[in-house]
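Would you be able to build a 3D model of this:
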Amino acid sequence: MAPDLPVIIQTHELYDSISKITEKLPSLKRQTIGRRLEDSTLKLLELLIMAKNAPKAHKAVYLIQATATAEIIQFFIRSLMAQKLVNQTTLHQLAAKTDEIARMATGWCKSVQ
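The predicted structure follows:
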């Protein structure tokens with residue numbers, strides 16, 4: 001098994017951080033925005049792993065979807081910020097990590113096109 005790429009490792013770390021945050025949300029928010037945020041982060045991880053293992057001709061498709069999914073994650077993080085449900089510093093750190101993951105996926109996509 002090949003070692004994981006830095007973008008995959010960072011996305012896994014992002015998921016770990018998000019899951020710790022969502023479990024502390026009030027029940028209704030945990031079941032709505034919390035679940036969507038976790039699901040989107042898992043989808044991002046899945047798309048990056050698919051891109052890693054796809055033939056070169058198909059990598060860009062997964063990476064474009066991964067970049068869009070990172071943007072969706074950013075939306076959910078901004079929603080949590082607006083609702084002041086979580087420590088703002090923590091959310092800013094998650095947003096910065098998501099930005100970095102999106103930049104890495106975009107750079108990877110450019111390199112395979």
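
what's the nearest residue to the residue nearest the centre of the chain if we skip its chain neighbours?
By CA atoms, centre = their mean, the chain has its centre lying nearest to Thr41, at 4.0 Å. For Thr41, ignoring the flanking residues on the chain, the nearest one in space by CB to CB, 6 or more residues apart in numbering is Tyr15 at 4.6 Å. The way it works is simple: take the backbone N, C-alpha and C, and place the C-beta from them, glycine included.

Counting neighbours, which bits of the helix or strand where that neighbour lies end up buried?
Element membership for Tyr15, per DSSP states H and E: helix 6-22. Using 16 or more other CB atoms under 10 Å as the test for burial, helix 6-22 gives 7-8, 10-12, 14-15, 18, 21-22.

export those to TSV and tack on pLDDT?
TSV is the format used below for the buried residues of helix 6-22 (pLDDT from 0 to 100):
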residue	pLDDT
Val7	97
Ile8	96
Gln10	97
Thr11	97
His12	97
Leu14	97
Tyr15	98
Ile18	97
Ile21	94
Thr22	95
